[in-house]
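J.: sequence and predicted structure below; questions after.
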Amino acid sequence: GTGLALGERFTELLQGDLDRRHPGCCEVLNAGRMGMTTPTALAFVEGEVLAWRPEVLIYDTMANDLRDPDRSQRLDLRPERIAIYEGQLRSLVAACHAAGVQIVFWANTIAYEADFDPLDAHREAMRRVAEEGQQAFVDLDALYAEHPASAEEMKAFLSEPNWTQWFPILGPGKRSLPRIALHTDWVHPNRFGSRRLAAGLLDPVEEALGLAPQP
């Protein structure tokens, strides 16, 4: 929920959607913590979250995994790092399976070069693990491509300095405005992006909870 007010985060939007379609069915908890990497998130899930006995865990790619541990301003996309990441996701699936918890994976996307997303390799690793473990997978990049920002959303984005402060940094030739306008910064969805994410997660979460789909 970085850069968002309470009520604008995708977890709260998803809660509202579930309440409308299945009143009183469940509670959506936002357990996100700033600065997490996959190793710290995995330890958090195994050490704390599973003790809460959730029915479903919604789990994101960790954009912080992109950082080079030796050069903080550089990206580390070495294949061996991706292999470690994939192994950690498999450990997560095994831990959740043992606890009887379903996972709904969602892959984040970054407002970067128009033809390059640094999270591409992580996304595909997550997709593989989800398919192997028969867990749901939601691709935010695909949701954004299918539903780019509307004219009204772009106008609202350009009028919000907390968002547009990042726009000049991306520079010309980067992502187009209909894509940038779904972010609070280069990696976090704003309220428009969160709305698309919540909508994309709704059906997989319903299925994971064993709830009958609603029109």
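T.: Okay, I see it.
J.: alpha carbons only for contacts and neighbour counts from here, please
T.: Will do.
J.: the bottom helix or strand of the protein by mean pLDDT?
T.: When the helices and strands of the chain are scored by mean pLDDT, DSSP states H and E, helix 167-170 comes last with a mean of 58.
J.: quick one: mean pLDDT for stretch 49-64?
T.: Stretch 49-64 carries an average pLDDT of 94.
J.: and the pLDDT for residue 117?
T.: pLDDT, residue 117: 85.
J.: how many neighbours does it have?
T.: The burial count assigned to residue 117 is 15, neighbours taken as other C-alpha atoms under 10 Å.
J.: correct me, but it touches residue 107?
T.: No. Between residue 117 and residue 107 there is no contact under C-alpha atoms under 8 Å: 11.6 Å.
J.: got any ranges where the chain has weak pLDDT?
T.: 69-73, 113-114, 163-174, 215 (pLDDT under 70).
J.: ok, now with 50
T.: Along the chain, the model assigns pLDDT under 50 to residues 172.
J.: where do the strands sit along it?
T.: Secondary structure of the chain (DSSP state E): strands at 56-60, 102-107, 136-139.
J.: which one of those strands lies nearest to residue 75?
T.: Residue 75 lies closest, by C-alpha to C-alpha, to one member of those: strand 102-107, at 17.8 Å.
J.: give me the sheet partners of that closest one and which way each runs.
T.: Sheet pairing of strand 102-107 (DSSP bridges) gives strand 56-60 (parallel), strand 136-139 (parallel).
J.: which one of the ones you listed is the most hemmed in?
T.: Most buried of the strands paired with strand 102-107, by mean neighbour count (mean count of other C-alpha atoms under 10 Å): strand 136-139, with a mean of 21.
J.: in the chain, which spans are helices?
T.: Here the chain has its helices, by DSSP state H, at 10-21, 38-47, 79-98, 120-132, 140-146, 151-158, 161-164, 167-170, 177-180, 191-209.
J.: how about the strands paired with strand 102-107 in a markdown table, adding distance to residue 14?
T.: A markdown table is the format used below for those (distance: least, C-alpha to C-alpha, whole Å):
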| stretch | distance to residue 14 |
| --- | --- |
| strand 56-60 | 11 |
| strand 136-139 | 14 |
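J.: minimum distance to residue 96: which of these has it?
T.: strand 56-60 (8.3 Å).
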